[in-house]
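Peer 1: next one to model:
(one chain, ligands or ions: 1)
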Amino acid sequence: MDLGIRDKKAIVCAGSKGLGRGCAEALAEAGVEIVLNARSADVLEATAREIAGKYGVKVTPVAADITTEDGRKAVLAAGEGADILVNNAGGPPPGLWSDWNRDDFIKALDANMLAPIAMMQAVLPTMIDRGWGRIVNITSQSVKAPIAQLGLSNSARSGLTGFVAGTSRQVAGYGVTINNMLPGIHATDRAISLDSGVMKAEGISMEEAQARRARTIPAGRYGTSTEFGSMCAFLCSQHAGFIVGQNISLDGGAANISV
Ligand code: NAP
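Peer 2: Alright, predicted model coming up:
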């Protein structure tokens, strides 16, 4: 399917690895120019070179922390006039409800709520003027089915979900769509770090920790960044203009909910 977005320009935040990279690759495959962000310059530049070489599109790496104002300024400067924005950042650490103080919450809110909101506020005026735009936020299955030990993530991502629910309806009439993608367990570094925690806490091997988790997923396996990226590119395509303010689970059926 031709996604109809060749030669458009996208900002992909936190995209040198994992789900963000999956989104960047799928957009690049559709012919989209990418401004690619992450903090570690070496990994980021290598990823940017690989994507540019593989898909023949321009990929501009911007090494910056997207949770900071300076970081966002640098990304937005390179991504000026972007037609597409994919918001993403690292997820907060797991723990117990009593573990976290105000600073921990502020850090989680900065990364998983306030940074994506600031990015949306920055790009929306141009998208609205142009009459076309696509924004996708990478959130988490924990928005629909909270994960007990991810209290920081549950809290911050719920705030972002609320903002998107209202804002997406305010901008839809200008040809701009905002949707959220809710990953369940995917085979990325984030999943490895969560599984390492289980491995240590339960005194089991990594293979057993992964097998146990896979058994909780009806699809019987972890998702892939490629599958995730394909959905992102579709949501950013010409075909997805009537999909507004949705929270789309990509979790292999893990969240046992009917809608
Ligand atoms: P990942 O494989 O660890 O990749 C994270 C990417 O984000 C890396 O490119 C990393 O590069 C970049 N990054 C992290 N913090 C950043 C920051 N402050 N500024 C700029 N770039 C930053 O993670 P993932 O699995 O793709 O997860 C992406 C998001 O989905 C996270 O919020 C995660 O919590 C959420 N999620 C993931 C899963 C899963 O199973 N994978 C499930 C539910 C939710 P640098 O470290 O170099 O900056």
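Peer 1: which bits of the protein sit near the ligand?
Peer 2: 14-20, 37-40, 43, 65-67, 88-91, 111, 138, 140-141, 183, 185-186, 188-191 (Cβ under 6 Å from any ligand atom). Where C-beta positions appear, they are placed from N, C-alpha and C, glycine not excepted.
Peer 1: inside helices: which ones of these?
Peer 2: If you go by DSSP state H, the residues of the chain next to the ligand have 18-20, 43, 189-191 in helices.
Peer 1: wait, which of those is closest to residue 243?
Peer 2: Taking Cβ to Cβ as the measure, residue 243 lies nearest residue 19 of these, at 18.8 Å.
Peer 1: chain center to stretch 209-221, what's the gap?
Peer 2: From the chain centre to the centre of stretch 209-221 is a distance of 22 Å (Cα atoms, centre = their mean, to the nearest Å).
Peer 1: buried ones in that stretch, by neighbour count?
Peer 2: Buried residues in stretch 209-221, counting neighbours by 16 or more other Cβ atoms under 10 Å, are found at 209-210, 213, 217.
Peer 1: do stretch 186-199 as well
Peer 2: 186, 188, 190-191, 194-195, 198-199.
Peer 1: can you redo the residues you listed as JSON lines with distance to residue 134?
Peer 2: What follows is the buried residues of stretch 186-199, written out as JSON lines (distance: Cβ to Cβ, whole Å):
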{"residue": "186", "distance to residue 134": "22"}
{"residue": "188", "distance to residue 134": "23"}
{"residue": "190", "distance to residue 134": "24"}
{"residue": "191", "distance to residue 134": "27"}
{"residue": "194", "distance to residue 134": "29"}
{"residue": "195", "distance to residue 134": "33"}
{"residue": "198", "distance to residue 134": "36"}
{"residue": "199", "distance to residue 134": "39"}
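Peer 1: turn those into JSON lines, columns for pLDDT and distance to residue 98.
Peer 2: Listed next are those as JSON lines, based on pLDDT from 0 to 100; distance: Cβ to Cβ, whole Å:
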{"residue": "186", "pLDDT": "96", "distance to residue 98": "29"}
{"residue": "188", "pLDDT": "93", "distance to residue 98": "29"}
{"residue": "190", "pLDDT": "82", "distance to residue 98": "24"}
{"residue": "191", "pLDDT": "88", "distance to residue 98": "25"}
{"residue": "194", "pLDDT": "82", "distance to residue 98": "20"}
{"residue": "195", "pLDDT": "91", "distance to residue 98": "24"}
{"residue": "198", "pLDDT": "91", "distance to residue 98": "20"}
{"residue": "199", "pLDDT": "93", "distance to residue 98": "23"}
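Peer 1: most widely separated two among those residues?
Peer 2: 186 and 199 (18.0 Å).
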